[in-house]
Structures are given as C-alpha cells and as structure tokens.
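Chemist: sequence unavailable; structure follows:
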C-alpha cells in the first residue's frame, strides 16, 4: 500500500466547458485498469459541453445543485447524495445550477470521450425537474 502522488488541480478546458470549472484527478488507472475518477468543481452556471463516454459515466453529486440532461431528455436537478448514470454512448451534459456551486465525483473507464457542441443558454435555462417527483 502507498499514497499516490496527485497532480495539481487543473482548470477545465474552454473547448469542453462553459464557465469556471476545475478538477482534481483522483485516480487514473494504468493498464490493465481503465478506471478514472475526477473530483470536478463547477461555479454557478458552469457546465460541460454535450459529450458521450464509450463505456458510460457515473456521477456522484457531492455538494450544491447539479443540472444533468441526456440528449432529447428532460433536464434533471440532482442534489448531494444523488447518483447519476449515463449509459455507454449516451450524449449528455452536466453542470451547476445558475445560483449554486456544484461538486461531483465523476467515474468512468478509458479515455474514449467524444466532445460535441457547447450547451446553449436556451438548453441550459430549460425548465427542470427533480428526480424526487
């Protein structure tokens, strides 16, 4: 057993995100492992671009209010303790509510992420629903 040296916190690239987003790489497995884990911090209103993961992605909301949406699906509001799973290849985005910071733990396998267009203000501002009803 040993401590893993962590790289410094990084600002997320503007090509993939709107607004201020920072991440810490928690784990990046080496072959044969494909496991990835990042702690991602979003300022109010910040969000990913549309994207998909070849093997899917799971988010654990740690703090704040998250907005998540699959392409063609409803905009969902998620809160700390909520777990969001996107299946392999599903186009989606996630980010912070306009008036709250948001932190999530992102878990996925491999580096096969397809980045698409940015989420427009109209999509981001759409009516949202809570998974609690």
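Modeler: Sure, I can see it. Keep in mind it's a predicted model, so treat the numbers as computed, not measured. Numbering: from 1, shown residues only.

Chemist: tell me which element the closest residue to residue 111 other than its chain neighbours falls in.
Modeler: If you skip the residues right next to it in sequence, residue 111 has residue 36 as its closest partner in space, 7.7 Å away by Cβ to Cβ, 6 or more residues apart in numbering. All C-beta spots, glycine's among them, are computed from the backbone N, C-alpha and C. When elements are defined using DSSP states H and E, residue 36 is found to belong to strand 35-42.

Chemist: so what secondary structure elements neighbour that strand?
Modeler: Using 3 or more Cβ pairs under 8 Å, 6 or more residues apart in numbering; DSSP states H and E as the contact criterion, the elements in contact with strand 35-42 are strand 21-28, strand 102-109.

Chemist: quick one: the helices in the protein, in order.
Modeler: If you assign secondary structure with DSSP state H, the helices in the chain sit at 121-124.

Chemist: show the pLDDT at the most centrally placed residue in it.
Modeler: Geometric centre of the chain, nearest residue: residue 94, 5.0 Å, by Cα atoms, centre = their mean. In this model, residue 94 is scored at 98, pLDDT.

Chemist: just give the closest residue to it, not the sequence neighbours.
Modeler: Residue nearest to residue 94 in three dimensions, not counting chain neighbours: residue 68, with 4.4 Å by Cβ to Cβ, 6+ apart.

Chemist: contact partners for the one you found?
Modeler: Residue 68 is in contact with 59, 75-76, 78, 84, 92-94, counting by Cβ atoms under 8 Å, 6 or more residues apart in numbering.

Chemist: 6 Å - rerun?
Modeler: If a contact means Cβ atoms under 6 Å, 6 or more residues apart in numbering, then residue 68 has 76, 78, 84, 94 as its contacts.

Chemist: give me the neighbour count for the nearest residue to the second one once chain neighbours are set aside.
Modeler: What it means is residue 78. Closest residue in space to residue 78, ignoring its immediate chain neighbours: residue 66 at 4.3 Å, by Cβ to Cβ, 6+ apart. Counted with other Cβ atoms under 10 Å, the neighbours of residue 66 add up to 25.

Chemist: what of residue 81?
Modeler: Counted by other Cβ under 10 Å, the residues lying close to residue 81 total 8.
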